[in-house]
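Novice: The amino acid sequence is not available; the structure is as follows:
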């Protein structure tokens, strides 16, 4: 049974994540309109926002500790917030500032915070093998930490995902795989990319428990994740969860979504996990004043992080040559390979 304190914690994380995405959308579009220019504005390049995904990150990460590892996909902010990633430094990273998590060099799809063991990648299903590696390390170290790999439903046919399921099962590793099903793999509806309507069935081929949460419901995710994380922490092997979420924005900012029917967008707006959780809070006798305080605190935290990030210095151009791999024999960085390393002009 979920406690009132846990409900409030999940709600604050979810409201923080929703407001964060809405504010990043505003900042991102600055200078990019009316003619969309992906290179313009304070946040150049692509930006994938997760408004509508909040229930999965909050419900799963409520069971995790700082020493547990989380890997996320290219739509990572709600998961990072729920895992406890430093919001100011994450925002500075998205704005390309030198005080960002990776000194502004990674951007929003390559966030890395070793303080809470969080990382993400823009490559489909890329987070699964590192999560399995973290699970293997925890097993060999004889600790009770776990690893969680988040991915989208468009990744459930990827080799990296399927091989990771196999390795986790064969080695009986403390890993939980969480598939976020938002019904769309970029511009393709789910039924056109896979014949597996219930992605949790992928677990059947690897002799591990699989469960699907059909509604955008943080409490239902919390309950399913409690069992899965508990099995992993007790060294009873991996699990696979698929969580129904919804996409309230385009696949990326600037996506005109011409492929998406209007009724699908309207249905996504109606499936609001935050409104559902507010109802749960009221059902536990949490009054409107407390809910308002939680929401105000979340909004203030986001505004403070954005203003702080925008006030941070941009990196010097010469810093591009720092923090790169160095060949210890030659002292040459990978950005300046030697003739011996490249094999000459061939």
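Specialist: Thanks, I have the structure now. Quick caveat: nothing in here was measured; it's all calculated off a predicted structure.
Novice: Walking through this structure, point out its helices one by one.
Specialist: Here the chain has its helices, by DSSP state H, at 4-29, 54-61, 77-83, 87-94, 128-141, 159-170, 218-233, 262-270, 273-283, 288-310, 339-342.
Novice: Which positions in the longest one come out as buried?
Specialist: By neighbour count on 16 or more other CB atoms under 10 Å, the buried set for helix 4-29 is 6-21, 23-25, 27-29. In short, each C-beta sits where N, CA and C put it, glycine included.
Novice: Please identify the deepest-packed of the helices of the chain.
Specialist: helix 54-61 (a mean of 30; mean count of other CB atoms under 10 Å).
Novice: With adjacent residues omitted, what lies nearest to residue 54?
Specialist: Distances taken as CB to CB, 6 or more residues apart in numbering place residue 14 nearest to residue 54, at 3.9 Å, with adjacent residues excluded.
Novice: Quick check: that neighbour touching residue 56?
Specialist: No - contact criterion CB atoms under 8 Å: residue 14 and residue 56 do not qualify, at 10.1 Å.
Novice: what touches both of these two?
Specialist: residue 78 (CB atoms under 8 Å, 6 or more residues apart in numbering).
Novice: check contacts around the residue nearest the centre of the chain.
Specialist: The residue lying closest to the centre of the chain (CA atoms, centre = their mean) is residue 76, at 2.6 Å. Taking CB under 8 Å, 6+ apart as the criterion, residue 76 is in contact with 50, 108, 109, 111, 120, 150.
Novice: does the last one really touch residue 176, like I thought?
Specialist: Put plainly, it is residue 150. No - with contacts defined as CB under 8 Å, residue 150 does not count as touching residue 176, sitting 9.4 Å away.
Novice: Next, the contact list for residue 199, please.
Specialist: By CB under 8 Å, 6+ apart, the contact set of residue 199 is 153, 156, 179, 181, 212, 240, 242.
Novice: Provide the partner residues of the closest residue to the first one other than its chain neighbours in its beta bridges.
Specialist: Of all residues beyond its chain neighbours, the one nearest residue 153 is residue 181 (4.1 Å), with distances taken as CB to CB, 6+ apart. Under the criterion DSSP bridges, residue 181 forms beta bridges with residue 244.
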